[in-house]
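Asker: Next come a sequence and a model predicted from it.
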Amino acid sequence: MAEPEHLHATYNDIHNLIKASADKIAAFKPNLFVAIGSGFFPARVLRTFLKDPSTNINIPIQAIGLSLYEALPGSTVEQIGSKVVRTQWLGPDPGKTLLGRRVVIVDEIDDTRKTLQYALSELRRDVEKELQALPESKREANHTEFAIFVVHNKLKPKIGELPPDVPYFVGAEVGDVWLDYPWEAADIEEHDRLAAEDKTKLIGSSLKQ
């Protein structure tokens, strides 16, 4: 199997993509971020540019852990890359954390969309369970809205699906390449050098077209 094409993103690249996306996300008026795994870093950067619109204070960040590609204890070869596995959730009462909130689910990349589909459906399930415990007269006032933000979206056929009524925000669209993020790099200087090479190649390719 051929080595996939790699694209190295720097901290500055990601920071600037998030900054450019902040105004669009602000229109949703979020008051809670739920980060999926490495989406915590983008969520923290996003919080720099957005405040809770009702209080003008920092928006809290909660984290969940989902694995699609990682080999976990007990997982089979067939499950890796095909089955989403929970590794961390929102504690014993997740519905209470989400109830009545305007939640942006944050991830670094939308690849197959399976992880995003799973996260959204499970968080909605938690909310629905909590709503059912409330008197019917209080359910509408505690309705939870969800949106999604990803730093990169791969332009490729998706396996997972997202409901059309959920706002979807993207920092940048990319081809079906392997994204290398700086928080995964053991040698950040080498990572940045490779990122500069990637940019030179992209400029060269665009000039040839």
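Answerer: Here it is on my side, so go on. Numbers count the residues shown, from 1 in each chain.
Asker: buried stuff in stretch 179-197?
Answerer: Residues of stretch 179-197 classed as buried by neighbour count (16 or more other C-beta atoms under 10 Å): 179, 181-182, 185, 191-192, 194-195. Bear in mind the C-beta positions are built from the backbone N, C-alpha and C, glycine included.
Asker: Also stretch 162-176?
Answerer: Buried-residue list, stretch 162-176, by 16+ other C-beta under 10 Å: 162, 167, 169-171, 174.
Asker: Need the nearest residue in space to V104, chain neighbours excluded.
Answerer: P30 (4.4 Å; C-beta to C-beta, 6 or more residues apart in numbering).
Asker: Let's see which of the buried residues of stretch 179-197 end up in strands.
Answerer: Judged by DSSP state E, those include L179 as members of strands.
Asker: Confirm E197 sits in a helix?
Answerer: Yes: counting by DSSP: H, G, I helix; E, B strand; the rest coil, E197 falls inside a helix.
Asker: give the contact list for it.
Answerer: Contacts here follow C-beta atoms under 8 Å, 6 or more residues apart in numbering; on that basis E197 touches H8.
Asker: Distance of it relative to H191?
Answerer: 11 Å (C-beta to C-beta, to the nearest Å).
Asker: quick one: common contacting residues for those two?
Answerer: Shared contacts of E197 and H191, counting by C-beta under 8 Å, 6+ apart, come down to H8.
Asker: quick one: what helix or strand has the residue most central in space within the chain in it?
Answerer: For the chain, the residue nearest the mean C-alpha position is D107 (1.3 Å; C-alpha atoms, centre = their mean). Under the criterion of DSSP states H and E, D107 resides in strand 102-110.
Asker: I'd like the next helix or strand past the helix or strand S137 falls within.
Answerer: S137 belongs to helix 136-139 when elements are defined using DSSP H and E. Next along the chain after helix 136-139, taking DSSP H and E as the criterion, comes strand 145-154.
Asker: The residue nearest to V104 is in what secondary structure piece?
Answerer: Judged by DSSP H and E, P30 forms part of no helix or strand.
Asker: for it, phi and psi?
Answerer: Backbone torsions of P30, given as degrees, to the nearest 10, read phi -70, psi 150.
Asker: Kindly report the same for the one 10 residues further on.
Answerer: In this entry, F40 is assigned phi and psi values of phi -60, psi -40 (degrees, to the nearest 10).
Asker: backbone phi and psi for the closest residue to it other than its chain neighbours, please?
Answerer: Spatial nearest neighbour of F40, chain neighbours left out: A63 (5.4 Å); criterion: C-beta to C-beta, 6+ apart. Backbone torsions of A63, given as degrees, to the nearest 10, read phi -120, psi 140.
Asker: Which residue ranges of this protein form strands?
Answerer: Using DSSP E, strands in the chain cover 6-8, 32-36, 61-67, 85-88, 102-110, 145-154, 168-174, 178-180.
Asker: which one of those strands has the lowest average pLDDT?
Answerer: For these, mean pLDDT drops lowest on strand 85-88, to a mean of 80.
Asker: wait, V177 sits on L7?
Answerer: Yes: look at V177 against L7 with C-beta atoms under 8 Å: they come within range, at 4.6 Å.
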